[in-house]
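Participant: next come a sequence and a model predicted from it.
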Amino acid sequence: MWIADNGDGTYKNPILHADYSDPDVIRVGADYFLTASSFNAAPGLPILHSKDLVNWEIVNYVFREQEPKEIFAKPQHGGGVWAPSIRFHDGEYYIYYGDPDFGIYVTKAKDPRGEWSKPLLIKAAKGWIDPCPLWDSDGSAYLVHAFAGSRAGVKSMLVVNKLSPDGTRILDDGVIVFDGHETDPTVEGPKFYKIGDYYYIAAPAGGVATGWQLMLRSKNILGPYEKKIVLSQGKTSINGPHQGALVDTTTNEWWFVHFQDRGAYGRVTHLQPVIWKDGFPVIGADPDGDGTGEPVLKFRKPNVGVSAPLSTPPDTDEFDSQKLGLQWQWHANPLAAWGMVVPELGVFRMFSVETAGDFKNLWDSPNLLVQKFPAEEFTATTKVKITPRFEGEKFGLLVMGLDYSYIGVSYKDAKLYVAQSSVHDADKHLAEYENLPFLLKSNEFYLRVKVTAGAMCSFSFSIDGKAFTNVGTPFKAREGRWIGAKIGFFYNRQGKFNDAGSADIDWIRFEK
């Protein structure tokens, strides 16, 4: 749906028009690997790969189920994985992440495409977030992190701790190396580097949608650090350009990967050129020459010495594989009884899941199978065959956020009906409201949602896949808790039975 590579040696921003929040990137040889916040979604901690920093593919997730498993068996909106960092040290890949309710975790792997170790809790703490390690040339190791005020009771400070050389133990209480309260409130998301004789900490401040990017430097890892604002919105339309990764190429170019908060579309990922001036990076364009850059929307591609093929994260899925495509995530640790592929039929079969007795809306439903919005404008169409077995079962094509809406197929009085259902402020557990239903004359059908600029969504259905009937009223998608809106499926039922209806999803196809 969105291709950043213009095909003429240039690229356009964002390089990923999808919600890869708080991205961190490293280069190992000629390969680039990116990870990002995944919050409560499972599988979690995505791993993306690129050869040129412009064309990206999803290659793996760190874990299938999030720890603690019993907690994340239910949706923990806004919890889970916050602002991970990825590093390569002594032949192994490391990812550190903070869970604001539990503490700092580390996981590692020999191959980022392979199996990662079970996340190890190396610091049990409330509100310790955004960790990033640094291994120094003498073999010593350190960790920088921030605080989430909502859990820790303090914020706007960066702390450096001593870390065991193997990266698995924090050895002290740490020292404050930067206090942003006076001039750089809500400083967070630090990334640690040693370049030449200097230690650098890249850290955003000023708020997700309104802030700027700092660079701190010192010849002593514990400071004092001098500060410079190296990226801000300037006169551009790119708000809050910050939180990301400084990375080089094999040809000695430098680049910065960061995000921009676009509401319902999530925190989309941008790539900025970097030049060095007086020992600090200048990120993006610098029209007034003051050393504080502003974002570019189009630029020449990085010189990486090779030509990389066009590549984007997937959205369309024919469900012909023996496992789900990597674009899909559940809203909690998944159970097999929610759904599985049927290779013989080339479908993904979802089963109706019992809702709680006090069910109001889908906010607390774990069995939402969803993916990120892939572009500003798109149309998603799915072909489904439903086999209901109990009164009240409902299958839907969903746009999920703090407000949500879906086109749902319900089984009532031995008949199928299709209608739009919506709710505002789902997190307040308000009840859904349903528009006028249509009688559905077949158990095989097509559902469609069309998303236009401003995240406006319109729903329709068809029996033959050619003539579509509009359902309900236009709906404006809204972000979730720290995430963009998502699109996908659910299948629920009221009451407890020893069996479940099934819905065979033949395919979902995204078109411009």
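Facilitator: Yep, that arrived. Numbering: from 1, shown residues only.
Participant: please make it C-alpha for all contacts and neighbour counts, starting now.
Facilitator: OK.
Participant: what about the helices in this protein?
Facilitator: Taking DSSP state H, the helices of the chain run over residues 149-152.
Participant: how's it carved up into domains?
Facilitator: Split into domains by automatic domain parsing, the chain comes to 33-245, 329-511.
Participant: and those as a markdown table, adding mean neighbour count, distance to Thr292 and mean pLDDT?
Facilitator: A markdown table is the format used below for the domains of the chain (neighbours: other Cα atoms under 10 Å; distance: least, Cα to Cα, whole Å; pLDDT from 0 to 100):
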| stretch | mean neighbour count | distance to Thr292 | mean pLDDT |
| --- | --- | --- | --- |
| domain 33-245 | 20 | 4 | 97 |
| domain 329-511 | 20 | 27 | 97 |
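Participant: okay, these in JSON lines with distance to Gln322 next?
Facilitator: Below are these laid out as JSON lines (distance: least, Cα to Cα, whole Å):
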{"stretch": "domain 33-245", "distance to Gln322": "16"}
{"stretch": "domain 329-511", "distance to Gln322": "6"}
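Participant: what's the closest of those to Leu297?
Facilitator: Leu297 lies closest to domain 33-245 among the domains of the chain, at 8.7 Å (Cα to Cα).
Participant: ends of that closest one, what's the gap?
Facilitator: Taking Cα to Cα, to the nearest Å, the first and last residues of domain 33-245 lie 11 Å apart.
Participant: next one: stretch 244-258
Facilitator: Taking Cα to Cα, stretch 244-258 runs 4 Å from one end to the other.
Participant: now do the buried residues in that stretch.
Facilitator: In terms of neighbour count (16 or more other Cα atoms under 10 Å), stretch 244-258 has its buried residues at 244-249, 254-258.
Participant: closest to Pro185 out of those?
Facilitator: Of the buried residues of stretch 244-258, the one sitting nearest to Pro185 (Cα to Cα) turns out to be Gly244, at 17.7 Å.
Participant: how far away is the nearest residue to that closest one once chain neighbours are set aside from Gly240?
Facilitator: Nearest residue to Gly244, sequence neighbours excluded (Cα to Cα, 6 or more residues apart in numbering): His258, at 4.1 Å. Per Cα to Cα, His258 is found 10 Å from Gly240.
Participant: minimum distance to Pro287: which of the domains of the chain has it?
Facilitator: domain 33-245 (9.7 Å).
Participant: centre of the chain to that closest one, how far?
Facilitator: Mean-position distance between domain 33-245 and its chain equals 15 Å (Cα atoms, centre = their mean, to the nearest Å).
Participant: out of the domains of the chain, which is closest to His17?
Facilitator: Smallest distance to His17 across the domains of the chain (Cα to Cα): 5.5 Å, for domain 329-511.
Participant: which pLDDT value belongs to the residue nearest to Gly244?
Facilitator: Predicted confidence (pLDDT) for His258: 98.
Participant: pretty sure it sits against Asp19.
Facilitator: No: in this structure, His258 is not within contact of Asp19 by Cα atoms under 8 Å, at 11.7 Å.
Participant: what do these two both touch?
Facilitator: Thr269 (Cα atoms under 8 Å, 6 or more residues apart in numbering).
Participant: residues in contact with the nearest residue to Trp330 once chain neighbours are set aside?
Facilitator: Excluding the flanking residues, the one nearest Trp330 by Cα to Cα, 6+ apart is Leu369, at 4.8 Å. Contacts here follow Cα under 8 Å, 6+ apart; on that basis Leu369 touches 328-331, 488-490.
Participant: of those, closest to Gly167?
Facilitator: Out of those, the member with the shortest distance to Gly167 (by Cα to Cα) is Gln329, at 29.1 Å.
Participant: for that closest one, list each beta-bridge partner.
Facilitator: When bridges are called by DSSP bridges, Gln329 pairs up with Val370.
Participant: show the contacting residues for it.
Facilitator: Per Cα under 8 Å, 6+ apart, neighbours of Gln329: 41-44, 369-371.
Participant: for Pro14, see how far away the residue nearest to the spatial centre of the chain is.
Facilitator: The geometric centre of the chain, computed from its C-alpha atoms, lies nearest to Tyr20 (Cα atoms, centre = their mean), at 3.7 Å. Distance, Tyr20 to Pro14, using Cα to Cα: 11 Å.
Participant: rewinding a little: redo the contacts of Gln329 as a markdown table? Include distance to Trp338.
Facilitator: Formatted as a markdown table, the contacts of Gln329 follow (distance: Cα to Cα, whole Å):
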| residue | distance to Trp338 |
| --- | --- |
| Ala41 | 15 |
| Ala42 | 13 |
| Pro43 | 14 |
| Gly44 | 18 |
| Leu369 | 9 |
| Val370 | 13 |
| Gln371 | 16 |
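Participant: out of the residues you listed, the closest to Asn6 would be?
Facilitator: Closest to Asn6, out of all of the contacts of Gln329 and judged by Cα to Cα, is Gln371, at 24.9 Å.
Participant: quick one: the closest one from Ser321, how far?
Facilitator: Taking Cα to Cα, one finds Gln371 at 17 Å from Ser321.
Participant: residue contacts, the closest residue to Val423 other than its chain neighbours?
Facilitator: Spatially, and ignoring its direct neighbours in sequence, Val423 is nearest to Glu432 (4.8 Å; Cα to Cα, 6+ apart). Residues near Glu432 by Cα under 8 Å, 6+ apart: 360-361, 421-423.
Participant: what sits against the closest residue to Leu324 other than its chain neighbours?
Facilitator: Leaving aside its chain neighbours, Leu324 sits nearest to Val341 (7.0 Å; criterion: Cα to Cα, 6+ apart). The contact partners of Val341, by Cα under 8 Å, 6+ apart, come to 319, 321-324, 347-349.
Participant: could you rerun that using 6 Å?
Facilitator: Taking Cα atoms under 6 Å, 6 or more residues apart in numbering, we find Val341 in contact with 347-349.
Participant: out of the residues you listed, which one sits closest to Thr107?
Facilitator: Phe348 (30.6 Å).
Participant: the closest one pairs with what?
Facilitator: Val341, Ile505.
Participant: I'd say it and Ile505 touch.
Facilitator: Yes: using Cα atoms under 6 Å, Phe348 is in contact with Ile505, at 5.1 Å.
Participant: what residues does stretch 491-511 touch?
Facilitator: 316-318, 347-355, 378-389, 392-395.
Participant: next, the distance between the ends of that stretch.
Facilitator: This stretch, stretch 491-511, spans 24 Å end to end (Cα to Cα).
Participant: how far out from the middle of the chain is that stretch?
Facilitator: On Cα atoms, centre = their mean, the centre of stretch 491-511 falls 25 Å from that of its chain.
Participant: stretch 293-301 too?
Facilitator: Computed by Cα atoms, centre = their mean, the chain-centroid distance of stretch 293-301 equals 23 Å.
Participant: buried stuff in that stretch?
Facilitator: For stretch 293-301, by 16+ other Cα under 10 Å, it's 293-299, 301.
Participant: re earlier: what residues are up against the residue nearest to Gly244?
Facilitator: His258 sits next to 242-244, 269-270 when contact means Cα under 6 Å, 6+ apart.
Participant: what about 10 Å?
Facilitator: His258 is in contact with 14-15, 20-25, 204, 213, 240-246, 267-272, 295, counting by Cα atoms under 10 Å, 6 or more residues apart in numbering.
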